[in-house]
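# One predicted model, sequence on top.
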Amino acid sequence: MDKETAADCCAVEDDECPDSEVFCLMRVGRNSDWLRLFENTEITIGRGVDVTYQLLSPACPLMISRLHCTFKQSEDGHWTVTDKKSLNGVWVNGTRLPSDESRQLRLGDSIQLGVPVIGNKAEFDYVLVQEPLRDIKCFLAKKLVERVTSKSAHISKKPKRKLTMEEVEPSTSKPKLYRCSSADKSLAVPCPLFLLKGQQRLSHTKPEGTGPGRDDRQAERPSDGSSATRDLDNLQMYSQNILLLREQVDDTQRHVASLEGEPRQADPLREEQVRELRGQLDTLRAKMHRMETLEKSFSETKRLLEEQKTQQQEELLKKQLEEALQEQKKVIGELALSRQGFEEILLAKNKELEVTKEEKEKARAQKEEVVTQVTEVLENELQCIICSELFIEAVILNCAHSFCCYCINQWRKKKDECPICRQAIQSQTRCLALDNCIDRMVENLSLDMKARRQTLISERKGERCRRGFLLATLLNKSYVFSPFVIVPS
């Protein structure tokens, strides 16, 4: 990117509204070094000097390639990432991208640059987010292109020269000698390793802007779920920083003690080293005190957040309990209404049963009355005057009186006249209609009357059969059949 393009980006960034939402890569576990993605601009990331954002790994200097990857916004507004043939690759949601292949990103996607060192997590771990500019402005990292263009503006009048390898990318060689103001290089000693390690750890973990102004800005931010998570991350980060500072203080104290324990000689270099170490020790103690203060404040914030969360949970439980009670009351009311409805239905059914019972009793009484009337009719009008039973094979005489066939035959053996009117019997005729009527009416009578009538019918039929048999026997004995005449025997 040339000087004019960088100047245009700076002008756009200054003219933007603080309330506008912008895309950025949020550094996981840190409140600094966030990478903003500018619209209509190709964002390049690597360890070289001609990129938008320069990433330098203190743990593994060659972890990030010179041109590691690029971010570009498509026409539909979505951001894409492309791996520019990097050595350790670009990982999106745990999957490594093929070289020179674009991958569309969504909000919340995880982007990791490089591979994690054994025993640690990935050093450059980002999440794509979109938040208001005023909330994340203090967390954004500076663009390397702006620094490069500003430097080129100052040295534009100087003669051009080629950049050395140390200027193009950071050196990966061993630490240089610890130099002093003396011109005699024989007095130079190697830089203490614990100082280098401490500086690397601090440069890796120290957040930007740890002063009171930064704390005030963080306190002014709304306490939503994301800020609470960030506060907890800050608490863990400051706890780690305090441990590192304590290690550095102990190492410095041991080094100072070792230098003071050696025999004193007229060596200005040693005295200067002791003074510098003491100054560093005081600085580290001041930083550790500030870190402890911040840790206490974050611990208090964490406690308040936990209390607030507990209070919110209690309020939520109370609301849920109230809703459950209201639902239970509604259910009880519905059950009471249902019970009332069932009671009304039962009362209606009982009334219907009572009415049905009364109707059945009335029908039974009517039936009994009909049976009584039929019985009276049978006894008065359909009885044989000779046997005082209902007609069995009723016959009608020429005088229109009716009798049982069996009874009138027995009567005619004595007298050949009607038992009622004493009129001579000239003819007798079977009355099938009267027999059928009596049989149909007998079906509604009691079982005793039915059995009695059936027994009487059987007896009369049996007696008739015996008579026929006797008559046939008598006839066989009285006459002897011959081929010519029949004479009595």
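Sure, I can see it.

# Mind giving me the packing neighbours of the helix or strand containing Thr301?
For Thr301, the host element (DSSP states H and E) is helix 268-381. Under the contact criterion of 3 or more Cβ pairs under 8 Å, 6 or more residues apart in numbering; DSSP states H and E, helix 268-381 touches helix 225-261, helix 432-442. For every residue, glycine as well, the C-beta is placed using N, CA and C.

# rank those by pLDDT, which is bottom?
Among the helices and strands packed on helix 268-381, helix 225-261 carries the lowest mean pLDDT, at a mean of 68.

# what's the distance between the residue nearest the centre of the chain and Ile332?
The residue lying closest to the centre of the chain (Cα atoms, centre = their mean) is Gln320, at 17.7 Å. Look at Gln320 and Ile332: by Cβ to Cβ, to the nearest Å, they are 18 Å apart.

# what residues are up against Met63?
57, 88, 113-115, 123-124 (Cβ atoms under 8 Å, 6 or more residues apart in numbering).

# Recalculate using a threshold of 10 Å.
47, 55-57, 86-88, 113-117, 122-124 (Cβ atoms under 10 Å, 6 or more residues apart in numbering).

# secondary structure class for it?
Using DSSP: H, G, I helix; E, B strand; the rest coil, the structure places Met63 in coil.

# Mind splitting the chain into its structural domains?
1-156, 181-326, 394-488 (automatic domain parsing).

# for those, which one ends up most surrounded?
Among the domains of the chain, the stretch with the highest mean neighbour count (mean count of other Cβ atoms under 10 Å) is domain 1-156, at a mean of 16.

# Any idea how far that one is from the middle of the chain?
38 Å (Cα atoms, centre = their mean, to the nearest Å).

# swap in stretch 309-320?
Here the centre of stretch 309-320 is set off from its chain's centre by 21 Å, with Cα atoms, centre = their mean.

# Please renumber the chain so that the first residue is 56 from this point on.
Let's use 56 as the start, then, which means that last one is stretch 364-375.

# quick one: average confidence on it?
Throughout stretch 364-375, pLDDT has a mean value of 92.

# Just want the phi and psi numbers for Thr99.
Dihedral pair for Thr99: phi -110, psi 140, per degrees, to the nearest 10.

# Same question for the one 3 residues further on.
Here the main-chain torsion angles of Arg102 (degrees, to the nearest 10) amount to phi -100, psi 0.

# again with the one 5 residues further on
When read as degrees, to the nearest 10, the backbone of Thr107 gives phi -70, psi -50.

# Mind telling me what element Thr137 is part of?
Counting by DSSP H and E, Thr137 is part of strand 134-138.

# and after that strand, which helix or strand comes next?
For strand 134-138, the following helix or strand on the C-terminal side (DSSP H and E) is strand 145-147.

# in its sheet, what does the helix or strand just after that following strand sit against?
Toward the C-terminal end, the helix or strand that comes next after strand 145-147 (DSSP H and E) is strand 150-151. Note on strand 150-151: by DSSP bridges, its sheet partners are strand 145-147 (antiparallel).

# pLDDT score for Arg189?
Looking at Arg189, its pLDDT stands at 88.

# Take the strand or helix carrying it, keep the C-alpha atoms, and write them as PDB.
In this structure, Arg189 is located in helix 188-191 according to DSSP H and E. Only the C-alpha atoms of helix 188-191 are listed here, as PDB (Å, rounded to 0.1, in the frame of the first residue of the first chain):
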ATOM      1  CA  LEU A 188     -16.200   1.500  17.100                       C
ATOM      2  CA  ARG A 189     -16.300   3.400  20.400                       C
ATOM      3  CA  ASP A 190     -16.300   0.100  22.400                       C
ATOM      4  CA  ILE A 191     -13.300  -1.500  20.700                       C
END
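
# and Ala341, what does it touch?
For Ala341, the contacting residues are Leu300, by Cβ under 10 Å, 6+ apart.

# That one and Cys72, how far apart?
Taking Cβ to Cβ, one finds Ala341 at 39 Å from Cys72.

# on that earlier part again, and the domains of the chain, which one averages the lowest pLDDT?
Looking at these, the lowest mean pLDDT belongs to domain 236-381 (a mean of 66).

# one step back: show me what the helix holding Arg189 packs onto, helices and strands only.
strand 76-82 (3 or more Cβ pairs under 10 Å, 6 or more residues apart in numbering; DSSP states H and E).

# what angle do the strand it packs on and strand 134-138 make?
Strand 76-82 runs at 40 degrees relative to strand 134-138, counting by axes from the mean of the first three to the mean of the last three Cα atoms, to 10 degrees.

# Direction included, what does strand 76-82 pair against?
The pairing partners recorded for strand 76-82 under DSSP bridges are strand 90-92 (antiparallel), strand 179-187 (antiparallel).

# want to throw these into CSV with distance to Arg158?
As requested, those are exported to CSV (distance: least, Cβ to Cβ, whole Å):
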stretch, distance to Arg158
strand 90-92, 15
strand 179-187, 11
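
# Name the secondary structure element that contains Asn86.
Here Asn86, judged by DSSP H and E, is contained in no helix and no strand.

# Looks like it contacts Asp190 (just checking).
No: with contacts counted by Cβ atoms under 10 Å, Asn86 stays clear of Asp190, the gap being 11.4 Å.

# The strand or helix carrying Thr528 - contacts with which helices or strands?
Assigning secondary structure by DSSP H and E places Thr528 in helix 502-533. For helix 502-533, the packing partners by 3+ Cβ pairs under 10 Å, 6+ apart come out as helix 460-469, helix 487-497.

# Any idea which of those gets closest to Arg91?
helix 487-497 (111.7 Å; Cβ to Cβ).

# coming back round to it: nearest to Val432 among the domains of the chain would be which one?
The closest of the domains of the chain to Val432 is domain 449-543. By Cβ to Cβ, the value is 8.0 Å.
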